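J.: Sequence and predicted model, in that order:
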Amino acid sequence: MTDRPRTRSDAFARAEERGRHLAATILSGPDMLTGEVFTHRLGLTISDLRDLEQAHTILVLPGASPRKSRYPAWQINAMGQPFPVLPALFDTLGDSGWTIYRFLTQSHPELAGQTALEALREGRDALVVRLARSIAEGTCV
């Protein structure tokens, strides 16, 4: 006997559940900050934080409710500011924080197996933006 889904809707339901579980695991990681902690680290008010979210200058990962949303600590660069390329990544890849998260944290052959986050930490901002554009356009770097 197998544990295969019986219908397509069963398969989708299982996939959605796996996605919810993975998102909850990511959001509960030690590098994921609450809005309160994130604003404190950057010296911001909650109002400032909302403005930065709207301008796509910071990355927020939505949770099951607004209070469960998290801000990756690693988006703050060595100068204590969010990576300046974040607005360009949102413009290129779309408005989903999860899409930006995935782009930044997955390995890319075009970066010799590095993640885009590692490349940003090395100051290779232009290359990361070019890679995002090539992915969005379906072309090679």
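T.: On my side now, so go ahead. Because the structure is a prediction, the values reported are computed rather than measured.
J.: From the centroid of this structure, which residue is nearest?
T.: Y101 (1.8 Å; CA atoms, centre = their mean).
J.: could you say which helix or strand contains that residue?
T.: Here Y101 sits within helix 97-105, counting by DSSP states H and E.
J.: Following the chain past that helix, name the next helix or strand.
T.: Helix 97-105 is succeeded, C-terminally, by helix 116-121 (DSSP H and E).
J.: Need phi/psi at Y71.
T.: For Y71, the backbone dihedrals (degrees, to the nearest 10) come out as phi -120, psi 110.
J.: follow-up on the earlier one: what are the bridge partners for the closest residue to the residue nearest to the centre of the chain other than its chain neighbours, then?
T.: In space, and not counting its chain neighbours, Y101 is closest to L61: 5.9 Å by CB to CB, 6 or more residues apart in numbering. Every residue, glycine included, has its C-beta placed from N, CA and C. Counting by DSSP bridges, L61 is bridged to R70.
J.: Contacts only, for L61.
T.: 23, 26-27, 32, 69-72, 97-98, 101 (CB atoms under 8 Å, 6 or more residues apart in numbering).
J.: could you redo the last one with a cut-off of 7 Å?
T.: Applying CB atoms under 7 Å, 6 or more residues apart in numbering, we find L61 in contact with 27, 69-70, 72, 97-98, 101.
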